[in-house]
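> need a structure here:
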Amino acid sequence: MSFPEKVFTGKELKAAKGLVDKGYKHNLIVEGEPAFTKKVNEALGLIRNAGYYEYLRTYIRSIREIDGMTQLRQAEVAVWANKFAVDNPIDAASLLIQKAYHMQEYLEGKLYYGGAAEKRSIAKRIEFLQTLKGKTQDSEVKAECERLLELWRDNFH
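The predicted structure follows:
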């Protein structure tokens, strides 16, 4: 069975969840202008370094550049992002993990939007930044992770 083209109806949701539960991984596709794809690929490299790439591929099928608001498109199993959302690859990597977490909750039938869900997804984003900071050998990446973590600490609690 192949992954549903759309994940919108109950039947599609059940099929997608069943495949994910069995270990299905997407072949992640990045679409956009060269500068966009370069930044996304930098973010994906950081996600790999932190050990979250398989997690991302479990819940996200594609990352597409748009001229509009960055958003998770649950029915398409996709992140639509503008060029500003990926300008900082470290922040972009944490955003992609946050969107993957939203998709995970969507597939699990949890309320994936609203205040409590947003707190859970931000906690996942913070967890990613802490993990990346701990695993990277790059002092600039460590410093940027710390800067972003400090921003989240100031604004999240």
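> Give me the pLDDT for residue 1.
For residue 1, the pLDDT comes out at 68.
> Sorry, wrong one. I was asking about residue 78.
Looking at residue 78, the pLDDT reads 98.
> in the sheet, who's paired with the nearest residue to it once chain neighbours are set aside?
Counting by Cβ to Cβ, 6 or more residues apart in numbering, the nearest residue to residue 78 once its immediate chain neighbours are dropped is residue 62, at 4.5 Å. Using the backbone N, CA and C atoms, a C-beta is placed for each residue, glycine as well. For residue 62, the beta-bridge partners are residue 29, residue 78 (DSSP bridges).
> Now do the contacts for residue 62.
26, 28, 29, 30, 31, 76, 77, 78, 79 (Cβ atoms under 8 Å, 6 or more residues apart in numbering).
> make it 10 Å
Contact analysis of residue 62 by Cβ atoms under 10 Å, 6 or more residues apart in numbering lists 26, 27, 28, 29, 30, 31, 73, 76, 77, 78, 79, 80.
> Over to residue 8?
Per Cβ under 10 Å, 6+ apart, neighbours of residue 8: 16, 74, 75, 76.
> Looking at those, spot the one nearest residue 127.
Using Cβ to Cβ, residue 74 is the member of these that lies nearest residue 127, at 21.6 Å.
> Quick check: phi and psi at the closest one.
Taking degrees, to the nearest 10, you get phi -60, psi -50 for the backbone angles of residue 74.
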